[in-house]
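> Below is the sequence, then the predicted model.
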Amino acid sequence: MEKPLEISFANVQHSPAIEAAIRERVDRLERFFDRIVSCRVVFEALQKSHRKGNQYQIKIFIVVPGREIVVDRAGPKDQAHEDWKVALRDSFEAATRQLEEYARKLRGEVKKHQPKPVATPPVES
């Protein structure tokens, strides 16, 4: 990356374990797509709840040549994102899919649909 990775925490204490996991995931993205210009990750707890666990949201902003890829995944309704590792995994999987799609477009591997056949009237003799 041309610019250093930016990691910020919102509504949650800074955690070295979470930061290390984020850095590892970003390293994987860089190995997959080496033309990343910059990356910013925001790790956020959505609510402060004493009875139920907090849901986590991870926002990822990736700048590549000619485009900015944004992943903004709020937790699903089934409380799966109460575990920060699940929220992190889901967000970075979405980022990987978007980078894969962008890489395919750069290589010109976008699907091209065949034109629909046009019916011609029968020839009368």
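On my side now, so go ahead.
> partners of the lowest-mean-pLDDT helix or strand in the chain in the sheet?
Least confident helix or strand, the chain: strand 67-73 with a mean of 88, by mean pLDDT, DSSP states H and E. Next to strand 67-73 in the sheet, as set by DSSP bridges, lie strand 56-64 (antiparallel).
> what does the partner strand rub up against?
12, 29, 33, 35-46, 68-75, 81-84, 87-88, 91-92, 95, 98-99, 102 (CB atoms under 8 Å, 6 or more residues apart in numbering). (Glycine included, C-beta is placed from N, CA and C.)
> Okay, and which of the residues you listed map to strands?
Among these, the members falling in strands are 38-45, 68-73 (criterion: DSSP state E).
> Same list (those residues) but as CSV, adding neighbour count.
Shown next, in CSV, are these (neighbours: other CB atoms under 10 Å):
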residue, neighbour count
Ser38, 15
Cys39, 23
Arg40, 15
Val41, 25
Val42, 15
Phe43, 25
Glu44, 17
Ala45, 18
Glu68, 10
Ile69, 20
Val70, 13
Val71, 20
Asp72, 12
Arg73, 18
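> quick check, nearest of these to Ala119?
Nearest to Ala119 among these is Ile69, at 42.3 Å by CB to CB.
> Report the contact partners of that closest one.
Ile60, Phe61, Ile62, Val63, Ala95, Gln98, Leu99, Tyr102.
> Contacts only, for Gln98.
Each residue near Gln98 by CB under 8 Å, 6+ apart is listed here: Ile62, Ile69, Val71.
> and which of the residues you listed is nearest to Pro122?
Of the contacts of Gln98, the one sitting nearest to Pro122 (CB to CB) turns out to be Ile69, at 51.7 Å.
> and the closest one, bridged to which residues?
As for beta bridges, Ile69 partners with Ile62 under DSSP bridges.
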